[in-house]
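Next one to model:
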Amino acid sequence: MKTLLLLFIGALSMTALNAQNINDALRYSNGEIMGSARYRALSGAFGALGGDLSAVNANPASSAVFTNSFASVSLATESTDNQTFYFRGTNASSDSDISLNQGGGVFVFKNRNENSPWKKFALSIVYDNTKNYEDNWYSRGINTNSIDSYFLNNAQGLPLGEISAISGESTSEAYAAIGNTYGYVHQQAYLGYDSFILEPDTFDDDNTSYSSNIGTGTFDQEYSYAATGYNGKIAFNIGAQYGENAYFGLNLNSHFLNYERSTFLYEKNDNATSVVNEVGFENYISTFGNGFSFQLGSIFKLSEAFRVGLTYDSPTWMTIEEETTQYIETVRVESGENILQVVDPQIVNLFPQYRLQSPGKVTGSLAYIFGTDGLISFDYSRRDFSKTKFKPTSDRYFSAQNSIISNQLTTAATYKLGGEYKYNQFSFRGGYRFEESPYKNGTTVGDLNGYSLGLGYNFGNTKLDLTYDQAQQTNNHQLYSTGLTDATTIDAIHSNITLTLGFQL
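Prediction:
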């Protein structure tokens, strides 16, 4: 496999991106607060509780529940175990990562005016990781569909003169000029043609019909996937307690995104009619983004034991930039000899900024407090993923993608249940969560099931919490957007160990 440490000898700005799709929209929109150890121990069922800094990022009214100023920081070890299935081929892989998962503080100000119904105010700033992209897996199987279909689908109908180098042009110059003039689809056709996968019907510049130099039959395919990065959220919060039984809060949230992914397909065949017998195709993408959202939250004490919470999460408005690099090599038989053809543009494609609006969310919460002995809590959320939108919506390509999103995604519910039992200075915790698939078919991305177990110790002004949680989910990863659209089925188990140190200020 070619290393990702490429020598960039050029950069280009492209007016036709045509690369974003429903997978990108869902990847950058979907995510849950990963949170502190106590928050994770209850599987995030904190909407009616408060008193935890990650709960502030779930329900802004949570900050007003604190009786004293408080700060915490969390460290998490996250592991992913994948088992892949691709045309009867089965493979297993695992990966782990250590990250600063959460951190922040809340400052509580009690109102000294005894005649005012506003008892106290709270100001806080809280960081939470909402998604970790660290993931590596490998699949292998025997397919009857070749990677040539990807290049054929991109090339058919395009004039040969628009997807080939002119006399004297280097690979880098041709790839950059084609992308700059015609766009991403033409670049893909160029890679297929210059690597000898595509064969034009005629070598006239006006030719628009192509066949493949890879013969029909079976294909031994290996696909490697490696991703890293995260979504983060910083909440600037204000909360207030009204009377003895009502809490209100507002979050103004800053979001940031960093995502990198490398994929490599190796295909080999010994089909009798093939001129090209081996293909190695690498794609690398780097994504950066930032955005804004707001939240409104409330918590009400209906009695000393019973509490309810309600939270509204606005849509998240993100601005995203992407860079890509590509590389392809083939081995063909010519005059009885194997010829290695390398097409390495060493060009970074710099795409124009685009905007992504992820859907809002509504959460209702219930909690029952057993005095000083413990509690049980439940959260229910609904989110309509079909409302996800690429912008500007007036763009013809984005409009088509938004129609696909609207037709394939649906409203999904999340259920969270958590409990805590206290004995002296110890707290014993557990939780369960279930997230419905955002897809109407329920299989492209499957339902998620997770559970959690945690332990806490209260030293007085300092608290130490430790949690283990695990979630399972199955999804189908489509290899390419066109042509070779076969999918690898991935059974993923995500495990986390989180340690949180909290202390009164």
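
Just confirm G364 contacts Y380, I think it does.
Yes - counting by Cβ atoms under 8 Å, Y380 is a contact partner of G364 at 5.2 Å. Every C-beta, even on glycine, is put in place using the N, C-alpha and C of the backbone.

Tell me where the protein has helices.
Listed in chain order, the helices of the chain (DSSP state H) span 22-29, 37-41, 53-58, 148-155, 171-181, 184-194, 396-408.

Out of the ones you listed, which is closest to T80?
Closest approach to T80 among these (Cβ to Cβ): helix 22-29, 15.1 Å.

Now do the closest one, average pLDDT.
Mean pLDDT, helix 22-29: 89.

Tell me what angle that helix forms with helix 396-408.
Helix 22-29 runs at 80 degrees relative to helix 396-408, counting by axes from the mean of the first three to the mean of the last three Cα atoms, to 10 degrees.

so where's the protein uncertain?
Residues of the chain meeting the criterion pLDDT under 70: 1-19.

pull the longest strand from it.
strand 276-301 (DSSP state E).

and that one, which residues are buried?
Buried positions in strand 276-301, judged by neighbour count with 16 or more other Cβ atoms under 10 Å: 276-282, 284-289, 291, 293-301.

which helices and strands sit right next to that strand?
The elements that strand 276-301 packs onto, with contact taken as 3 or more Cβ pairs under 8 Å, 6 or more residues apart in numbering; DSSP states H and E, are strand 246-268, strand 306-313, strand 316-334.

Y39 is nearest to which of those strands?
Closest approach to Y39 among those is made by strand 306-313 (14.1 Å; Cβ to Cβ).

now the strands for the stretch 101-250 of the chain?
In the stretch 101-250 of the chain, the strands defined using DSSP state E, counting those that start in this stretch lie at 118-132, 135-143, 198-200, 210-212, 219-242, 246-268.

now those in a markdown table, with distance to F351?
Formatted as a markdown table, those follow (distance: least, Cβ to Cβ, whole Å):
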| stretch | distance to F351 |
| --- | --- |
| strand 118-132 | 22 |
| strand 135-143 | 23 |
| strand 198-200 | 24 |
| strand 210-212 | 26 |
| strand 219-242 | 17 |
| strand 246-268 | 14 |
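
Show me the one of the ones you listed that comes nearest G483.
Closest of those to G483 is strand 210-212, at 10.6 Å (criterion: Cβ to Cβ).

Now do the buried residues in that closest one.
Buried residues in strand 210-212, counted by 16+ other Cβ under 10 Å: 210, 212.

Can you list the strands that the longest strand of the chain pairs with?
Here strand 276-301 is paired, per DSSP bridges, with strand 246-268 (antiparallel), strand 306-313 (antiparallel), strand 316-334 (antiparallel).

what are the C-alpha coordinates of the second one, in PDB please?
Taking C-alpha atoms only, strand 306-313 is exported to PDB below (Å, rounded to 0.1, in the frame of the first residue of the first chain):
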ATOM      1  CA  PHE A 306     -40.100  12.800  41.000                       C
ATOM      2  CA  ARG A 307     -38.600  15.000  38.300                       C
ATOM      3  CA  VAL A 308     -39.200  15.600  34.600                       C
ATOM      4  CA  GLY A 309     -37.000  17.300  32.000                       C
ATOM      5  CA  LEU A 310     -37.500  18.600  28.500                       C
ATOM      6  CA  THR A 311     -34.800  19.600  26.000                       C
ATOM      7  CA  TYR A 312     -34.800  21.100  22.500                       C
ATOM      8  CA  ASP A 313     -31.700  20.800  20.400                       C
END
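
returning to what we had before: dump the strands paired with strand 276-301 into JSON lines; add distance to R355 and mean neighbour count as well.
Conversion of these to JSON lines gives the following (distance: least, Cβ to Cβ, whole Å; neighbours: other Cβ atoms under 10 Å):
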{"stretch": "strand 246-268", "distance to R355": "13", "mean neighbour count": "19"}
{"stretch": "strand 306-313", "distance to R355": "18", "mean neighbour count": "20"}
{"stretch": "strand 316-334", "distance to R355": "6", "mean neighbour count": "19"}
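
Any idea which of these gets closest to V348?
The closest of the strands paired with strand 276-301 to V348 is strand 316-334. By Cβ to Cβ, the value is 5.3 Å.

what separates the closest one from the chain centre, distance-wise?
18 Å (Cα atoms, centre = their mean, to the nearest Å).

Name all residues that make contact with N475.
If a contact means Cβ atoms under 8 Å, 6 or more residues apart in numbering, then N475 has 444-446, 489-490, 492 as its contacts.

repeat that for 7 Å
444-446, 490 (Cβ atoms under 7 Å, 6 or more residues apart in numbering).

For N136, name its beta-bridge partners.
Counting by DSSP bridges, N136 forms beta bridges with A226.

wait, what's in contact with it?
Residues in contact with N136 (Cβ under 7 Å, 6+ apart) are 93, 95, 225-226.

Select, out of the helices of the chain, the one closest to L75.
Checking the helices of the chain against L75 by Cβ to Cβ gives helix 37-41 as the closest, at 9.3 Å.

Need the helices of the chain in TSV (columns: mean neighbour count and distance to G371).
What follows is the helices of the chain, written out as TSV (neighbours: other Cβ atoms under 10 Å; distance: least, Cβ to Cβ, whole Å):
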stretch	mean neighbour count	distance to G371
helix 22-29	20	41
helix 37-41	32	19
helix 53-58	31	20
helix 148-155	23	63
helix 171-181	19	67
helix 184-194	24	62
helix 396-408	15	48
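
Adding distance to L484, write those helices out as JSON lines.
Shown next, in JSON lines, are these (distance: least, Cβ to Cβ, whole Å):
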{"stretch": "helix 22-29", "distance to L484": "15"}
{"stretch": "helix 37-41", "distance to L484": "39"}
{"stretch": "helix 53-58", "distance to L484": "40"}
{"stretch": "helix 148-155", "distance to L484": "5"}
{"stretch": "helix 171-181", "distance to L484": "21"}
{"stretch": "helix 184-194", "distance to L484": "12"}
{"stretch": "helix 396-408", "distance to L484": "19"}
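
what number of residues lie near R355?
If you count neighbours by other Cβ atoms under 10 Å, R355 ends up with 16.

That one touches P315, doesn't it?
No - using Cβ atoms under 7 Å, R355 is not in contact with P315, being 11.2 Å away.

ok so, going back, mind putting the contacts of N475 in CSV, distance to K110 and neighbour count included?
Shown next, in CSV, are the contacts of N475 (distance: Cβ to Cβ, whole Å; neighbours: other Cβ atoms under 10 Å):
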residue, distance to K110, neighbour count
T444, 51, 19
V445, 46, 23
G446, 48, 21
I490, 51, 22
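
Of the residues you listed, which belong to strands?
Per DSSP E, the contacts of N475 map to strands at 445-446, 490.

Pick the one among those closest to E32.
Comparing the ones in strands among the contacts of N475 against E32 with Cβ to Cβ places V445 closest, at 13.9 Å.

That closest one: what's it in contact with?
By Cβ under 7 Å, 6+ apart, the contact set of V445 is 437-439, 475.
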